[in-house]
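Participant: here is my input; please provide its structure:
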Amino acid sequence: MAFVVATALGINFWGLHMNKLLLSSAIASTICFTGHSFAAGPIDGKVYGKVNASVVNNDSGSSDEWKLNSNASRVGVKGKTQIADGLYAIYKAEFEMCIDDGDCKGQTFSQRNIMTGIRGDFGTVWAGKHDSPTKLAQNKIDLFNDLEGDIKNTFEGENRVSNIVAYTSPKVNGFSATVAMIPGEGSDFDEDGNDDTGLADGISYSISYDMDNLYIAVAGDQDVDKQDLLRVVAQYKMDALKLGFMYQQNEDNLNSKDESGYFISAAYKMDKTTLKAQYGTIEDDVDGDEEETLSLGADYKMAKNTKVYVFYTDNTDSEVGSADDEDSSFGVGMEHKF
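Facilitator: Residues are numbered from 1 along each chain as shown. Model (predicted):
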């Protein structure tokens with residue numbers, strides 16, 4: 001009798017053990033399958049960024065100093081998740097990191113472009129804090145971006161806008177368009193003395209053509225950063241030569257500034273070396289004040305994602321009735337993207 005009971009208990013124990021084993025195997029198989037789907041299926045994302053450091057001598061006439069610059073070094077994550085056939089949820093979160101002193105406007109990391117949206121055959125609807133369509137229309141004609149010769153140091157319109165709600169069309173035969181609405185959320189966008197609380201208190205837009213070696217764009221802002229602005233951009237690539245051009249008009253909402261000017265750039269690639277030059281000037285038609293920027297430089301590509309560079313920049317502010325304010329910079333640096 002004892003033998004029969006022991007045998008029965010043994011059989012039950014063995015059956016229970018086998019059931020647990022089968023259940024564990026099923027769970028493990030499910031996890032493995034799910035993990036495989038995650039890696040190769042509808043979810044796609046990546047971490048990216050760049051580290052850019054330069055040693056720069058800045059001479060403003062009244063001071064002459066050397067400094068280490070971080071040049072908008074950044075880290076971010078971006079990607080998309082398939083939520084239906086041909087329909088994706090997209091996301092991007094990018095932060096500036098200051099590798100020179102670790103202080104980004106009082107923070108370890110400073111917000112850059114942060115957005116989310118829906119993408120499909122109809123185009124992309126997106127929202128967040130992001131570069132305006134006008135800024136994006138520049139299309140990298142600025143060859144000294146994030147350095148002392150950055151176009152933003154001379155021209156209006158290089159805005160990263162909070163609370164932006166935008167739509168970007170699909171690209172059709174090289175053409176695409178983006179329109180963005182910016183709610184005032186109580187700010188006085190048009191400086192009329194009243195709080196703006198609508199959905200489209202500020203508007204930014206761009207229409208572009210990008211095909212083969214030619215890029216053309218028309219972009220503009222209305223009541224963005226207290227400016228009305230129109231920008232025309234063109235870029236042409238011809239073998240080793242790349243040429244860029246921009247014309248811009250902008251007027252502030254108080255009618256105290258009415259500017260117009262142009263910007264040109266050229267880059268010539270020779271094996272691993274790229275020679276660069278750009279010049280821009282903009283004049284205020286109200287008081288005759290003028291700003292000019294000139295930059296010369298060279299990049300040497302050490303690897304696919306790594307380069308060293310040297311540059312010289314001269315920025316001049318000319319005010320009627322006053323001596324010119326000239327600021328020149330010379331620097332050498334290194335950039336690595338990941």
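
Participant: going forward, measure contacts between C-alpha atoms and count neighbours the same way
Facilitator: OK.

Participant: so what's the residue nearest to F144 when sequence neighbours are not counted up against?
Facilitator: With sequence-adjacent residues excluded and distances taken as C-alpha to C-alpha, 6 or more residues apart in numbering, F144 is closest to D150, at 5.4 Å. If you count contacts by C-alpha atoms under 8 Å, 6 or more residues apart in numbering, D150 has them with 142-144.

Participant: would you convert the residues you listed into JSON lines that also reports neighbour count and secondary structure?
Facilitator: Putting the contacts of D150 into JSON lines (neighbours: other C-alpha atoms under 10 Å; DSSP: H, G, I helix; E, B strand; the rest coil) gives the following:
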{"residue": "D142", "neighbour count": "22", "secondary structure": "coil"}
{"residue": "L143", "neighbour count": "21", "secondary structure": "coil"}
{"residue": "F144", "neighbour count": "21", "secondary structure": "coil"}
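
Participant: nearest to K269, of these?
Facilitator: L143 (12.8 Å; C-alpha to C-alpha).

Participant: do a quick rundown of the strands in the stretch 51-200 of the chain.
Facilitator: Counting by DSSP state E, counting those that start in this stretch, the stretch 51-200 of the chain has these strands, from start to end: 64-69, 74-84, 87-97, 109-120, 123-131, 160-168, 175-182.

Participant: what's the second one in contact with?
Facilitator: When contacts are defined by C-alpha under 8 Å, 6+ apart, strand 74-84 is touched by residues 42-51, 88-97.

Participant: buried ones among those?
Facilitator: In terms of neighbour count (16 or more other C-alpha atoms under 10 Å), the buried residues within these are 49-51, 88-97.

Participant: any chance of CSV for the residues you listed, columns distance to S329 and pLDDT?
Facilitator: What follows is these, written out as CSV (distance: C-alpha to C-alpha, whole Å; pLDDT from 0 to 100):
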residue, distance to S329, pLDDT
G49, 26, 97
K50, 23, 97
V51, 20, 97
Y88, 45, 97
A89, 43, 97
I90, 40, 97
Y91, 37, 97
K92, 34, 97
A93, 32, 97
E94, 28, 98
F95, 26, 97
E96, 23, 97
M97, 23, 95
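
Participant: CSV for those, including distance to L136?
Facilitator: Converted to CSV, the buried ones among the contacts of strand 74-84 look like this (distance: C-alpha to C-alpha, whole Å):
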residue, distance to L136
G49, 18
K50, 19
V51, 21
Y88, 22
A89, 21
I90, 18
Y91, 17
K92, 16
A93, 17
E94, 16
F95, 18
E96, 18
M97, 22
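
Participant: tell me the one of those residues nearest V332?
Facilitator: Nearest to V332 out of these is V51 (C-alpha to C-alpha; 14.2 Å).

Participant: please name the nearest non-neighbouring residue to that closest one.
Facilitator: That would be S73: by C-alpha to C-alpha, 6+ apart, it lies 4.7 Å from V51.

Participant: what do you get for I114?
Facilitator: A93 (4.4 Å).

Participant: same check, this time on Q222
Facilitator: D228 (4.5 Å).

Participant: number of residues surrounding the one you found?
Facilitator: Residues within reach of D228, counting by other C-alpha atoms under 10 Å, total 22.

Participant: what sits against it?
Facilitator: 220-222, 250-253.

Participant: in strands only, show me these.
Facilitator: Among the contacts of D228, the residues falling in strands (DSSP state E) are 220-222, 250-252.

Participant: using pLDDT, spot the least trustworthy of those.
Facilitator: Lowest pLDDT of those: D252, 89.

Participant: okay, and the beta partners of the closest residue to it other than its chain neighbours?
Facilitator: The spatially closest residue to D252, leaving aside those adjacent along the chain, is Q227, at 4.4 Å (C-alpha to C-alpha, 6+ apart). For Q227, the beta-bridge partners are V224, D252 (DSSP bridges).

Participant: report the contact partners of Q227.
Facilitator: Q227 neighbours (C-alpha under 8 Å, 6+ apart): 221, 250-253.

Participant: closest one to V55 out of these, please.
Facilitator: After measuring the contacts of Q227 against V55 - C-alpha to C-alpha - the closest member comes out as N250, at 33.9 Å.
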